[in-house]
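In: Sequence and computational prediction follow.
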Amino acid sequence: MNQDNTIDPNQLPKFNSHEEAREWFKGQFGDRFLLRMTDMKDGRRVNFYHLIKDPEVYKPYMESFASVVQHEITNMEVFKSYTTIEIDENGNVEIKD
């Protein structure tokens, strides 16, 4: 399993489906690769994942959404704690770092 949280988009394999890409990322990053939502984009189904870089910042941030207590974000650290990875149904990958 890859302990480095960086991804070079030029080094990614060519994927033929969402399932193939998801399995590759899961194999590389394990439980640090989490599905967050699915939506339609340009007529294609797209799955949005988070690759967690800093679990100690990310976990409380995500838990705050389930809390009735309002939380205020006071710095950008929380947004640096993960990378968003979009994978469409055809296996196309976009990394939003």
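Out: Arrived safely, thanks for sending. Numbers count the residues shown, from 1 in each chain.

In: rest of the way, CA atoms for contacts and neighbours
Out: Noted.

In: Next, the buried residues of the helix or strand hosting Arg22.
Out: Using DSSP states H and E, the element containing Arg22 is helix 18-29. By 16 or more other C-alpha atoms under 10 Å, the buried positions in helix 18-29 come out as 18, 21-22, 25-26, 28-29.

In: of all the residues you listed, which comes closest to Lys96?
Out: Within the buried residues of helix 18-29, distances to Lys96 taken as C-alpha to C-alpha reach their minimum at Phe25, with 14.9 Å.

In: Run through the strands of this structure in chain order.
Out: For the chain, the strands defined by DSSP state E cover 33-41, 44-52, 82-88, 93-96.

In: Would you tell me which one of these is buried the most?
Out: Most buried of those by mean neighbour count (mean count of other C-alpha atoms under 10 Å) is strand 82-88; its value is a mean of 21.

In: Spit out the contact partners of the residue nearest to Asn90 when sequence neighbours are not counted.
Out: Counting by C-alpha to C-alpha, 6 or more residues apart in numbering, Ser17 is the residue found nearest to Asn90 once chain neighbours are left out, at 4.4 Å. Taking C-alpha atoms under 8 Å, 6 or more residues apart in numbering as the definition of contact, the neighbours of Ser17 are 88-92.

In: cutoff 6 Å now
Out: For Ser17, the residues meeting the contact criterion (C-alpha atoms under 6 Å, 6 or more residues apart in numbering) are 89-91.

In: What of Arg36?
Out: Contacts here follow C-alpha under 6 Å, 6+ apart; on that basis Arg36 touches 48-49.

In: Apply 7 Å and report the result again.
Out: Residues touching Arg36, when contacts are defined by C-alpha atoms under 7 Å, 6 or more residues apart in numbering, comprise 48-50.
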